[in-house]
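1. would you be able to build a 3D model of this:
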Amino acid sequence: LFRSTFIGTNWTNVNSMQAETTLALTFDSIYVLSGADGRGIFRSTNIGDAWEPIGGLPIQMRYVSGFVSLQGALFASTRNGIYRSTDHGSTWTISSTGLGTPGTYLNVQRMVTEGSRVFALADLRMGVYISRDVGVTWNFGGLGGIWGNCLVVLDTNVFAGSSSGVHLSSGSDPTWLLSN
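-> Residues are numbered from 1 along each chain as shown. Predicted structure coming up:
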């Protein structure tokens, strides 16, 4: 993990986490949080000079691929669904009600927020899921059967990159249009 304090001109290694790969970073008003491949979540109070592991995480949270925040809640996408924290990452609870088929493997690759909604992109052609209640429940939002790779938000438009191109959902209706 590297940090630049001068607009990307110079970079300093700040990887005291003993993690080989950092997959996700976020800032939540108090901490910088890092999702490390196979090592869980670390946080820093001093812009990365020192990192502390967050203890007590379930084994499913050892691989965190992304973070988003909405209305005081922090979400982590993992190989086993979505986890939610309301205390700056000190404790996490599973937040996967409605994601896929109960008891099945659900690797959530990416998440984005748009307005009061959280969008989650699951791999293995499972599609996009949307929460309208700060992650309490999730509903299928389309694009099942495609290989999704990424999500991005521009204004009120949500774009999903996939093996078949770029898909666009605009407004409150989760209808996706191929926009190549």
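
2. residue closest to the middle of the protein?
-> Gly66 (3.0 Å; C-alpha atoms, centre = their mean).

3. which elements pack onto the strand or helix carrying that residue?
-> Assessed by DSSP states H and E, Gly66 sits inside strand 64-70. On a contact count with 3 or more C-beta pairs under 8 Å, 6 or more residues apart in numbering; DSSP states H and E, strand 64-70 meets strand 22-27, strand 32-36, strand 73-78, strand 108-114. Yep, even glycine has a C-beta here, placed from its N, CA and C like the rest.

4. would you mind giving the ones you listed as a markdown table with distance to Trp147 added?
-> Below are the helices and strands packed on strand 64-70 laid out as a markdown table (distance: least, C-beta to C-beta, whole Å):
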| stretch | distance to Trp147 |
| --- | --- |
| strand 22-27 | 19 |
| strand 32-36 | 22 |
| strand 73-78 | 17 |
| strand 108-114 | 10 |
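
5. which of the ones you listed sits closest to Asp49?
-> strand 32-36 (10.2 Å; C-beta to C-beta).

6. show me what counts as buried in that closest one.
-> Of all the residues in strand 32-36, those buried under the rule 16 or more other C-beta atoms under 10 Å are Val32, Leu33, Ser34, Gly35, Ala36.

7. out of those residues, which comes closest to Phe119?
-> Gly35 (18.2 Å).

8. surely that closest one and Ile41 touch.
-> Yes. Taking contacts as C-beta atoms under 8 Å, Gly35 lies within contact range of Ile41: 5.7 Å.

9. shared neighbours, these two?
-> Here Gly35 and Ile41 have Val64, Ala76 as joint contacts, going by C-beta atoms under 8 Å, 6 or more residues apart in numbering.

10. if I look at Ser4, how far off is Ser44?
-> Plainly put, Ser4 is 15 Å away from Ser44 if you go by C-beta to C-beta, to the nearest Å.

11. more neighbours: which of those two?
-> Remark: of Ser4 and Ser44, Ser44 carries more neighbours, 20 against 10, as counted by other C-beta atoms under 10 Å.
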